[in-house]
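K.L.:
Okay, here's the prediction I keep looking at, along with the sequence it came from:
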Amino acid sequence: MKIDRPPEDPAGIVVLPCSGLDKEAGSASRALSLLLQAEGASLVCPVLYQRSPKRYEKDLGKGRLIVIDGCKTGCASKLATERGLKIGKKLTITEAAKAHEVKPGKDPHLGESLENLLPSLAEELLAARPPETPASIETETSFGNSVTYREFSVDKFVFKVPESGYFFNENDCWARVEGGRSRIGVSDYVQQSASDMLFFEPPTIGAELSIFDEAGSLETSKTALDIISPVSGKVVAINQEVVEAPELINEDPYERGWAVELELADFDEDRELLMDAPAYYDYLKKKAEKEHRERYGA
Amino acid sequence: MGVPRAKIPWCPTIDYEKCDFCMECDEFCPHGVFERRDDEEKKLVVAHPENCVVFCRACGKTCGPDALSFPDKKETTALIKRLREEGKDED
């Protein structure tokens, strides 16, 4: 299935870049945002935005926000998440450059090879949906059975774990297996520790993942984290509801907040390295209590 | 994972040629893997590798100068499976 949508109107795009003075990747972030502005997008100056957020209230309310970080320090995305902005798309220059075998330097001046890359990055960012990323290959498996939960408390926090039917890795990611497919997501513990989910960057449909590979990443008001896949297989669906509204993970981490669906490669083999729901309950309880003791000394 | 944590060599390695001691990774990591050494040339060290969550690479995502690297994931998975098998043989 392909999603046919016209390219997004650049006038509805708002770009928050890195300030662009620390190194070459920063300069590229700034230059890329200017290319997008030439197409009609609005720009948010990160320095002025910190100083006078009200100045950009109107612009930020009118369209999809694209955040462009120079490097993985992620100043622009941190600024966005600190201000609770909903990120529509994120790009990190160093990562994008690496994919094109270009290595940004320490000198803040923009070099030719990185500069030549920018028009194609601008084009990618302006595409409403990359055509090679459909929402799903096909979905026949039903994951509709109701889930019952066990809970435990640590101080004022209550953590929820399904009673059965789920498998977990030690990275607090779950797999719910039905037939030859599995949905995966993050546990209630992750959503509570990481706080408000602001952005979900999904993996590519059709990608073949091994167990413990990254199956997308999440940006929250406190941190950034990867979904570490508890199973191996082919990505066959992305939860578009979570792409549009990542806060679903906070509201319902084990059911409506699933992230990715995979066609399983060898679940019997994967399962040997996973905990079932009761084992994860015990593991998480110990972990949460230990963290609480270390943090509060109680 | 059925294998003692001490037997799994998973933790970040700091490339001191690249590290600028911004401490973003240390601020990020909730597990106390890193330790600051204010009076030494290497102002940040991987002091507690055993605290690192196996297959977690999240601190690497915070590293602007890209100074953190991790072991090969496939090799680590294969090692864990091998150790599990050996453990079964010993039982």
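P.N.:
That came through fine.

K.L.:
Could you check the pLDDT of residue 74?
P.N.:
Using chain A. In this model, A:Gly74 is scored at 89, pLDDT.

K.L.:
try chain B instead
P.N.:
So B:Lys74 comes in at 91 (pLDDT).

K.L.:
State the helix or strand in which it lies.
P.N.:
In this structure, B:Lys74 sits in helix B:73-90 according to DSSP states H and E.

K.L.:
what do you get for A:Tyr281?
P.N.:
helix A:277-296.

K.L.:
picking that back up, in the helix holding B:Lys74, which residues are buried?
P.N.:
B:Lys73, B:Thr76, B:Thr77, B:Leu79, B:Ile80, B:Lys81, B:Leu83 (16 or more other CB atoms under 10 Å in any protein chain shown). C-beta: built from backbone N, CA, C; applies to glycine.

K.L.:
got the contact list for the first one?
P.N.:
Put plainly, it is B:Lys73. By CB atoms under 8 Å, 6 or more residues apart in numbering or on different chains, the contact set of B:Lys73 is A:Ser210, A:Phe212, A:Asp213, B:Phe55.

K.L.:
Can you go through those residues and name the buried ones?
P.N.:
Buried among these by 16+ other CB under 10 Å: A:Phe212, A:Asp213, B:Phe55.

K.L.:
For the residue lying closest to B:Gly64 once chain neighbours are set aside, grab the count of nearby residues.
P.N.:
Nearest non-adjacent residue to B:Gly64, counting by CB to CB, 6 or more residues apart in numbering or on different chains: A:Thr73, 3.4 Å away. Around A:Thr73 there are 23 other residues, counting by other CB atoms under 10 Å in any protein chain shown.

K.L.:
from chain B, which residue is nearest to chain A?
P.N.:
Residue nearest to chain A within chain B (CB to the nearest CB): B:Gly64, separated by 3.4 Å.

K.L.:
Now that residue. Its backbone dihedrals?
P.N.:
B:Gly64 adopts backbone torsions of phi -60, psi -50, taken as degrees, to the nearest 10.

K.L.:
Now do the same contact list for the nearest residue to A:Ser19 once chain neighbours are set aside.
P.N.:
Using CB to CB, 6+ apart and skipping the chain neighbours, the partner closest in space to A:Ser19 is A:Pro46 (5.1 Å). A:Pro46 makes contacts with A:Leu16, A:Pro17, A:Cys18, A:Ser19, A:Cys75, A:Ala76, A:Leu79, as judged by CB under 8 Å, 6+ apart.

K.L.:
At which residues are the strands of chain B located?
P.N.:
Secondary structure of chain B (DSSP state E): strands at B:13-14, B:34-36, B:44-46, B:68-69.

K.L.:
Generate TSV for those strands, with mean pLDDT and mean neighbour count as supplementary columns.
P.N.:
Output for the strands of chain B, formatted as TSV (pLDDT from 0 to 100; neighbours: other CB atoms under 10 Å in any protein chain shown):
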stretch	mean pLDDT	mean neighbour count
strand B:13-14	98	15
strand B:34-36	97	17
strand B:44-46	97	17
strand B:68-69	97	18
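
K.L.:
Model confidence score at residue 41, please.
P.N.:
This is for chain A. For A:Ala41, the model assigns a pLDDT of 92.

K.L.:
oops, chain B please
P.N.:
94.

K.L.:
What residues does the stretch 151-298 of chain A have near chain B?
P.N.:
A:169-171, A:193, A:210-214, A:217, A:223-226, A:228, A:272-273, A:291 (CB under 8 Å from any CB of the partner chain).

K.L.:
can you do 6 Å?
P.N.:
A:Asn171, A:Phe212, A:Ala224, A:Leu225, A:Ile228, A:Leu273 (CB under 6 Å from any CB of the partner chain).

K.L.:
ok so, going back, and which of the buried ones among the contacts of B:Lys73 is nearest A:Ala31?
P.N.:
A:Ala31 lies nearest to A:Asp213 out of the buried ones among the contacts of B:Lys73, by CB to CB, at 32.7 Å.

K.L.:
Nearest residue to the closest one in space, please, no chain neighbours.
P.N.:
In space, A:Asp213 is closest to A:Ser229, 5.2 Å off (CB to CB, 6+ apart).

K.L.:
What parts of chain B come near chain A?
P.N.:
B:Met1, B:Phe55, B:Cys56, B:Ala58, B:Lys61, B:Cys63, B:Gly64, B:Lys73.

K.L.:
try 8 Å
P.N.:
B:1-2, B:22, B:24, B:28, B:30, B:53-58, B:60-66, B:73-74, B:77, B:80-81, B:84.
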